[in-house]
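# Got a sequence here, can you model it:
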Amino acid sequence: MVRTEWSIQDIARFAGTTSRTLRHYDAVGLLPPTRIGSNGYRYYDENSLVRLQRILLLRELGLGLPAIAEVLDGQSDGVAALETHLALLERERQRIGRQIESVRTTLRKLKGGERLMAEEMFDGFDHTQHQEEVTRRWGAEAYRKGDQWWSSLPAAGKKAHQREQVDIGVAFGAARDAGRDAGSAETQAVTARLHEWLKPTGIEISKGYFAGLGQLYVDDPRYGAYDEKHGPGKAEYIRDAMKIYAERNLTD
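Residues are numbered from 1 along each chain as shown. Purely as a prediction, here's the structure:
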């Protein structure tokens, strides 16, 4: 029987992820390739595909990589594990369905001049989904302050803050594409915007925090899209700029 296998590029494309993320999963022991060819390419079989599907499902549910490793190690029965994941996804689908109905109700009432009910408008929404990660990285007080600040913003303020984040990313890309060094005045001006953008969130922006956040752009596979969208080296460029800015302007 011929064994079916796929290259790392194929798997990344099928799964909607990146080759960099798959290599990271290998490095931390989550998803080793089935074999490595004589050309150095990684190849994956059907069992690897099932395991990757479980990893991505758990990531969607908000678990970190160490927690995912514990779950996978504790569930040797792949079919039973997928049944559990399916039940969780069904719950998530129900939550999204409530969100859709909530927005439809809001639109209908706005068009008809009806009174809005808060319990209808926010059914299915959960702005605390990142609470566990923020608390783990920076403490409960940082989450409390950040959550309080974000909740106090009007819709226009939230939109403006998100727009600024996008604009900063575009500015970093433009500086790099123009050949500006990470320590150049132009790039450091963009980095200063990023520093200002982070200030209202309630987390103390120390030298170590800012430089560490820059390293996170490189280490965390969720940020692999930087390289996929903007070409290799974008994440490293931002990291270097943030490290230089921290050394020049911040204290621990």
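
# What segments of the stretch 101-250 of the chain are helices?
118-121, 131-138, 140-152, 155-177, 185-198, 207-219, 225-230, 234-249 (DSSP state H, counting those that start in this stretch).

# Out of those, which one sits most buried?
helix 234-249 (a mean of 20; mean count of other C-beta atoms under 10 Å). In short, each C-beta sits where N, CA and C put it, glycine included.

# re the thing from before, okay if I get the helices of the stretch 101-250 of the chain as TSV plus distance to residue 74?
Shown next, in TSV, are the helices of the stretch 101-250 of the chain (distance: least, C-beta to C-beta, whole Å):
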stretch	distance to residue 74
helix 118-121	38
helix 131-138	19
helix 140-152	28
helix 155-177	37
helix 185-198	37
helix 207-219	25
helix 225-230	30
helix 234-249	32
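
# Which of these sits closest to residue 26?
Between residue 26 and the helices of the stretch 101-250 of the chain, the shortest separation by C-beta to C-beta is 14.4 Å, and it involves helix 207-219.

# Give me the average confidence score over the closest one.
For helix 207-219, mean pLDDT rounds to 80.

# Kindly report the same for stretch 237-250.
On average, stretch 237-250 scores 92.

# how about the CA coordinates for it, as PDB?
As requested, the backbone C-alpha atoms of stretch 237-250 are provided in PDB (Å, rounded to 0.1, in the frame of the first residue of the first chain):
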ATOM      1  CA  TYR A 237      12.700  44.100  11.400                       C
ATOM      2  CA  ILE A 238      10.000  45.200  13.900                       C
ATOM      3  CA  ARG A 239      11.700  43.200  16.700                       C
ATOM      4  CA  ASP A 240      15.000  44.900  16.000                       C
ATOM      5  CA  ALA A 241      13.400  48.400  15.800                       C
ATOM      6  CA  MET A 242      11.600  47.800  19.100                       C
ATOM      7  CA  LYS A 243      14.800  46.600  20.800                       C
ATOM      8  CA  ILE A 244      16.700  49.600  19.700                       C
ATOM      9  CA  TYR A 245      13.900  51.900  20.800                       C
ATOM     10  CA  ALA A 246      13.800  50.300  24.200                       C
ATOM     11  CA  GLU A 247      17.600  50.600  24.700                       C
ATOM     12  CA  ARG A 248      17.500  54.300  23.700                       C
ATOM     13  CA  ASN A 249      14.300  55.500  25.400                       C
ATOM     14  CA  LEU A 250      13.000  53.100  28.100                       C
END
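
# chain center to it, what's the gap?
21 Å (C-alpha atoms, centre = their mean, to the nearest Å).

# can you check stretch 7-14 too?
For stretch 7-14, the distance to the chain centre is 20 Å (C-alpha atoms, centre = their mean).

# Name the residues of that stretch that are buried.
For stretch 7-14, the neighbour count (16 or more other C-beta atoms under 10 Å) marks 8, 11, 12 as buried.

# Dump that stretch to CSV, restricted to CA.
Extracted C-alpha coordinates of stretch 7-14, given in CSV (Å, rounded to 0.1, in the frame of the first residue of the first chain):
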residue,chain,number,x,y,z
SER,A,7,5.2,18.5,1.7
ILE,A,8,5.3,21.2,4.4
GLN,A,9,4.3,23.8,1.8
ASP,A,10,1.3,21.8,0.8
ILE,A,11,0.2,21.3,4.4
ALA,A,12,0.6,25.0,5.1
ARG,A,13,-1.5,25.9,2.1
PHE,A,14,-4.3,23.4,3.0
